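Visitor: need coordinates for the below:
(one chain, ligands or ions: 1)
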Amino acid sequence: MSVARGWQFFMHPGPTNIPRRVLQAMARPAVDFTGPEFVALRDRSLERLKGVLKTRQGFVIAYAASGHGAWDASIANLFSPGDKVLVCQAGYFSENWAATARQYGLEVEVVATPERRAVDPNAVAERLAADATGAIKAVLLVQNETATGMRHPVAEVRAAMNRARHPALFLVDTISSLASYDFRMDEWGVDLAVGGSQKGLMLPPGFSFTAINARAWEASQTARNPRRYWDWRPLVEDGRQVCFCGTAPIPYFYGLEAALDMIEEEGLENVFARHRRLAQATRACVRVWSQCGSPGGGPEIYALDAEAASDSLTAVLTPPGHDADRVRAVAAERYGVALGRGLGALQGRVFRIGHMGDLNEPMLLGALGAIELALVEAGMPHARGGVEAAMDAMRAAAAARIAAVAA
Ligand code: PLP
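Guide: Purely as a prediction, here's the structure:
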């Protein structure tokens, strides 16, 4: 048995690395969650979170729950049994949000998306245009499908809804995109955004939230779905959250404040640029691995359209007959690099490299180097030189930065 030495590289697409500053902020004695210190922290943090969501009009309601809880909250508060929603097919997480809706007695219609492609806004527009009676109450979209490493077009789906002049609410899951790449709640006309702690926000898992605007709040007043823990009505006064259902998740707020400090110090747009750089380097690396002479090809980027490849993670599709989990096992056991597994139908076919949250170039290069070694040991056909290509991408980014400073 090998003994783990040195840093273990945690490259999961959520949970992600938790910065020491966040851990230290959370490690503190309990306080009275109705007392002035915590109430001020809660109010301040929820207000600051709006900056990351790019909303002035909306407000945030947080839960001591994983992202699944925020999904439940979105469905429980907005709809009544028998309501119909349109779910944009994206993969494992869009399917599970749809499953939540079905459990609450909603009728779910799925807008099909071809495998390895981004959601087609025109397909959404067509479906809405055909809904003359306005039966569809909401459109549900996952901005970043964590199972496939693909980004889906939020602004374009909103434009499609506008083109169809359809009054449906627009619900977007930002769990693995928020604080990794751009999301604009107000500008993109999102009525409800689902967010979670354990990805770009660099917190432990188990804390999630919904950001809602006035339309969503209004819908929640007449919705008839059963709700207790998730019910917004006792939690909200004058358009802001004033309590939790039960004891407040106190430590998360200390962590959230530290994470928001870190994001603001770096600058949100710089956070996005860093994620973009790391994603581009990862993609350059995987593109080289894929260019091998083997008949089945090498490991390749799951997303077929370059623009649809996520900046939060890269899902790597392994060639037929080769087990993605073998690469993960070698990477973990031999080199101390933890990768995400394939989910649902992609289990064994995909491994996922998370490049979101508290991560920098040397961490990524170390991980990519170890994965390239793991490909050899797992007997996975691939072309060598992926890490050099990642370095080239980083060199190009550095050259662009130097040129921008000089200009
Ligand atoms: N939505 C997306 C896009 C996710 O990536 C995840 C988790 O990875 C979830 C929802 C569910 O969140 P949780 O696992 O915190 O319940």
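Visitor: what about stretch 44-56, average pLDDT?
Guide: For stretch 44-56, mean pLDDT rounds to 98.
Visitor: got it, and stretch 88-98?
Guide: For stretch 88-98, the per-residue pLDDT averages 98.
Visitor: CA atoms of it as PDB?
Guide: The C-alpha coordinates for stretch 88-98 follow below in PDB (Å, rounded to 0.1, in the frame of the first residue of the first chain):
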ATOM      1  CA  CYS A  88     -34.000  22.400 -20.700                       C
ATOM      2  CA  GLN A  89     -32.200  19.100 -21.000                       C
ATOM      3  CA  ALA A  90     -28.600  19.400 -20.000                       C
ATOM      4  CA  GLY A  91     -27.600  16.200 -18.200                       C
ATOM      5  CA  TYR A  92     -27.600  14.700 -14.800                       C
ATOM      6  CA  PHE A  93     -28.400  17.800 -12.800                       C
ATOM      7  CA  SER A  94     -31.100  19.100 -15.100                       C
ATOM      8  CA  GLU A  95     -32.700  15.600 -14.800                       C
ATOM      9  CA  ASN A  96     -32.600  15.700 -11.100                       C
ATOM     10  CA  TRP A  97     -34.100  19.200 -10.800                       C
ATOM     11  CA  ALA A  98     -36.900  17.900 -13.100                       C
END
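Visitor: quick check: the residue of the stretch 201-350 of the chain nearest the ligand.
Guide: Pro205 (5.4 Å; CB to the nearest ligand atom). In short, each C-beta sits where N, CA and C put it, glycine included.
Visitor: SS state for that residue?
Guide: coil (DSSP: H, G, I helix; E, B strand; the rest coil).
Visitor: residue contacts, it?
Guide: Contacts of Pro205 were listed using CB atoms under 8 Å, 6 or more residues apart in numbering, and they are Gly14, Pro15, Ser66, Gly196, Ser197, Gln198.
Visitor: of these, list those near the ligand.
Guide: Gly14, Ser66, Gly196 (CB under 6 Å from any ligand atom).
Visitor: top of those residues by number of neighbours, please.
Guide: Gly196 (28 neighbours; other CB atoms under 10 Å).
Visitor: quick one, phi psi at it?
Guide: phi -140, psi 160 (degrees, to the nearest 10).
Visitor: which residues of the stretch 1-150 of the chain fall in helices?
Guide: 20-26, 36-53, 67-78, 92-103, 121-129 (DSSP state H, counting those that start in this stretch).
Visitor: nearest to Val316, out of these?
Guide: For Val316, the closest of the helices of the stretch 1-150 of the chain is helix 92-103, at 15.8 Å, according to CB to CB.
Visitor: and the angle from that closest one to helix 67-78?
Guide: 40 degrees (axes from the mean of the first three to the mean of the last three CA atoms, to 10 degrees).
Visitor: related to what we said a few turns ago, ok, the contacts of Pro205 vs the ligand, which is closest?
Guide: Ser66 (3.3 Å).
Visitor: what sits against the closest one?
Guide: So Ser66 contacts Gly196, Gln198, Pro205, Gly206, Ser208 (CB under 8 Å, 6+ apart).
Visitor: re the thing from before, as TSV, the contacts of Pro205 with pLDDT would be great.
Guide: Output for those, formatted as TSV (pLDDT from 0 to 100):
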residue	pLDDT
Gly14	97
Pro15	98
Ser66	98
Gly196	98
Ser197	98
Gln198	98
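Visitor: mind putting those into JSON lines with distance to Asn360?
Guide: Converted to JSON lines, the contacts of Pro205 look like this (distance: CB to CB, whole Å):
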{"residue": "Gly14", "distance to Asn360": "18"}
{"residue": "Pro15", "distance to Asn360": "18"}
{"residue": "Ser66", "distance to Asn360": "27"}
{"residue": "Gly196", "distance to Asn360": "23"}
{"residue": "Ser197", "distance to Asn360": "21"}
{"residue": "Gln198", "distance to Asn360": "19"}
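Visitor: tell me which of the residues you listed fall in strands.
Guide: Secondary structure defined by DSSP state E assigns Gly196 of the contacts of Pro205 to strands.
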